[in-house]
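1. With the input below, show me the fold.
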Amino acid sequence: MTDTTPAAPLESPIRRVEPEWVDLNGHMNMAYYHLVFDESLDVAFSTLGIGWDYTQKGEGSCFTAEVHVCYLAEVKEGDPLRVTYQMLDADEKRIHVFGHMYHAEKGYLAATSEQMCIHVDMKSRRASPFPAAQRTKIEAMKQAHAHLPRPPQAGRVIGIKRVK
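-> Model prediction:
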């Protein structure tokens with residue numbers, strides 16, 4: 001682990017639910033949960049050296065291959081949101097991350113987001129290994145987060161459970 005690798009989940013700056021994010025049900029629309037999780041993941045990616053500065057070089061980027069959001073409690077206009085990310089796993093081309101969205105004042109868990117990201121060579125537009133410098137940071141974060149408990153929502157499958 002390097003001095004800059006957090007041993008606890010990465011925390012993003014607090015966001016507030018914007019008025020335009022509220023739907024007819026009076027709470028944040030599901031699309032904006034994805035927005036908040038996505039923008040919060042940028043903080044983690046910057047820490048790993050695969051954020052905005054990296055992608056602007058035109059060499060590589062991370063694409064989302066799969067995402068699973070669980071909506072656990074409502075958040076409403078003006079509510080402050082605190083998002084944390086932990087790395088569940090990684091290999092030479094992929095990062096498996098898990099986000100928790102909390103109401104920043106009341107502390108309850110509002111939503112979770114599990115995501116598989118794939119490193120892509122932007123010239124070939126194909127999956128490719130992370131560069132060595134980024135791979136070192138990813139591995140350090142993977143090790144630093146290894147002691148964190150696996151979230152209960154991780155690995156969930158969508159489906160209707162039938163009782164026999």
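
2. what stretches of the chain score poorly on pLDDT?
-> Low-confidence segments of the chain, defined by pLDDT under 70: 1-7.

3. residue ranges for the strands of this structure, please.
-> 10-11, 15-16, 60-71, 80-90, 94-103, 109-121, 126-127 (DSSP state E).

4. can I get those in TSV with mean neighbour count?
-> Quick note: C-beta positions are derived from backbone N, CA and C, even for glycine. Output for the strands of the chain, formatted as TSV (neighbours: other Cβ atoms under 10 Å):
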stretch	mean neighbour count
strand 10-11	20
strand 15-16	16
strand 60-71	16
strand 80-90	21
strand 94-103	22
strand 109-121	20
strand 126-127	12
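
5. which one of those lies closest to residue 163?
-> Each of these has some distance to residue 163 by Cβ to Cβ; the shortest is strand 60-71, at 21.4 Å.

6. Quick check: which helices or strands does the closest one pack against?
-> In terms of contacts (3 or more Cβ pairs under 8 Å, 6 or more residues apart in numbering; DSSP states H and E), strand 60-71 is packed against helix 30-47, helix 52-56, strand 109-121.

7. okay, the strands of the chain in TSV with distance to residue 163 next?
-> Putting the strands of the chain into TSV (distance: least, Cβ to Cβ, whole Å) gives the following:
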stretch	distance to residue 163
strand 10-11	40
strand 15-16	40
strand 60-71	21
strand 80-90	30
strand 94-103	29
strand 109-121	25
strand 126-127	40
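
8. Any idea which of these gets closest to residue 149?
-> Closest among the strands of the chain, using Cβ to Cβ: strand 80-90, at 9.2 Å.

9. Can you spell out which helices and strands pack onto the closest one?
-> strand 10-11, strand 15-16, helix 30-47, strand 94-103, helix 132-145.

10. quick one: that strand to helix 132-145, angle?
-> Calculated by axes from the mean of the first three to the mean of the last three Cα atoms, to 10 degrees, strand 80-90 forms an angle of 110 degrees with helix 132-145.

11. Show me what strand 80-90 is in contact with.
-> 9-12, 14-17, 36-37, 40-41, 43-44, 75, 95-105, 110, 114, 138-139, 141-142, 145, 148, 150-151, 154 (Cβ atoms under 8 Å, 6 or more residues apart in numbering).

12. Kindly recompute the last result at 7 Å.
-> The contact list for strand 80-90, computed with Cβ atoms under 7 Å, 6 or more residues apart in numbering, reads 9-12, 14-17, 36-37, 40-41, 44, 75, 95-102, 104-105, 138, 141-142, 145, 148, 154.
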